[in-house]
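Asks: mind folding the following:
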Amino acid sequence: MAPDTPVMRRRPSFDEAPLPLFTPDEAPETPLPAGRLPSYIRDHRARLRARFMAGGADAMPDYELLEMVLFRANARADMKPLARELLNEFNDFNGVLTAPEARLRAVRGVGDAVICELKLIEAAAQRLARSKVLNRPVLSSWEALLDYCHTAMSHRDSEQFRILFLDRKNTLIADELQARGTVDHVPVYPREVVKRALELNASALILIHNHPSGDPSPSQADIDMTQQIADVAGLLGLVIHDHIIVGKSREYSFRSDGLL
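Replies: The predicted model follows:
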């Protein structure tokens with residue numbers, strides 16, 4: 001068999017394209033003797049796994065944790081250089097996971113396999129954080145709510161506007177992304193916000209949006225928009241518990257600052 005001939009899982013039917021056993025990653029691969037991992041890669045990966053199992057994430061710096069995530073993207077290459085390159089480009093572990101696909105693809109060695117692994121971990125993190133607030137009284141689990149907001153929104157490079165819809169017991173019944181905007185603006189329509197609350201039979205709302213600049217201080221447009229939503233909601237008996245602006249490392253609460 002020629003070296004470049006893919007190995008097939010099964011014999012394809014007449015109208016199917018051949019299905020390769022391995023999907024090659026976009027990163028350069030290390031030549032393998034007899035199809036095996038070089039011992040320095042195999043032993044290195046084994047040591048990382050053992051250290052992770054013994055001490056968890058706290059026992060590992062960001063580049064090693066990211067390297068482990070990338071193992072599945074390329075089973076035959078040293079992923080440490082790519083892990084370091086991604087951290088140099090996106091600052092930290094969270095920044096890599098939440099980076100836009102287009103920016104990730106601009107990094108040499110990143111393609112579908114790497115992006116899939118990164119976005120899988122990001123999705124898992126968001127679901128885990130969300131599970132801690134879904135179907136629970138939100139006002140009694142406020143820290144978990146803020147953690148979820150940061151996980152979902154703090155590293156976005158454009159503004160997003162989310163609404164948490166609560167029932168009469170202040171239990172979260174829905175979490176919806178209402179709008180996406182630009183780097184410093186997101187369009188929000190009070191009428192649509194209230195309409196959706198009525199459709200869900202919600203009794204209260206928590207408004208959330210992010211500031212990609214990192215500074216969560218509200219603009220005058222933020223203040224005006226919040227007041228407009230509160231005015232329209234109040235006419236229909238809906239309560240706005242808070243409007244939270246998420247920055248890179250902290251958040252701003254309209255309620256805490258007396259603006260609601």
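
Asks: nearest residue to residue 84 in space, please, no chain neighbours.
Replies: residue 63 (5.3 Å; CB to CB, 6 or more residues apart in numbering). In this view, the C-beta of every residue, glycine as well, is placed from N, C-alpha and C.

Asks: verify the contact between the one you found and residue 83 for me.
Replies: Yes. Residue 63 is in contact with residue 83 according to CB atoms under 8 Å; the separation is 4.9 Å.

Asks: returning to what we had before: in which helix or strand would I find the residue nearest to residue 84?
Replies: helix 62-71 (DSSP states H and E).

Asks: now find how far off-centre that helix is within its chain.
Replies: 17 Å (CA atoms, centre = their mean, to the nearest Å).

Asks: now the angle from the longest helix belonging to the chain to helix 62-71?
Replies: For the chain, the helix reaching the highest residue count under DSSP state H is reported as helix 112-131. Here helix 112-131 runs at an angle of 110 degrees relative to helix 62-71 (axes from the mean of the first three to the mean of the last three CA atoms, to 10 degrees).

Asks: tell me which residues of helix 112-131 come out buried.
Replies: Using 16 or more other CB atoms under 10 Å as the test for burial, helix 112-131 gives 113-115, 117-118, 121-122, 125-126, 129-130.

Asks: sorry, back to before: for the helix holding residue 63, packing partners?
Replies: Judged by 3 or more CB pairs under 8 Å, 6 or more residues apart in numbering; DSSP states H and E, helix 62-71 is in contact with helix 39-55, helix 80-90, helix 93-98, helix 112-131.

Asks: which residues sit against the longest one?
Replies: Right, the one you point to is helix 112-131. 23, 25-27, 69-70, 72-74, 82, 96-99, 101, 104-105, 144, 147-148, 151-152, 175 (CB atoms under 8 Å, 6 or more residues apart in numbering).

Asks: separate out the buried members of those.
Replies: 25-27, 69-70, 73-74, 82, 96-99, 104, 144, 148, 151-152, 175.

Asks: for residue 56, grab the count of nearby residues.
Replies: Using other CB atoms under 10 Å, residue 56 has 9 neighbouring residues.

Asks: look up how far residue 228 lies from it.
Replies: 46 Å (CB to CB, to the nearest Å).

Asks: tell me where the chain has strands.
Replies: Counting by DSSP state E, the segments of the chain that form strands are 160-166, 172-180, 204-210, 239-246, 251-253.

Asks: the shortest one packs against which elements?
Replies: In terms of contact count using 3+ CB pairs under 8 Å, 6+ apart, strand 251-253 is assigned the packing partners helix 142-153, strand 239-246.
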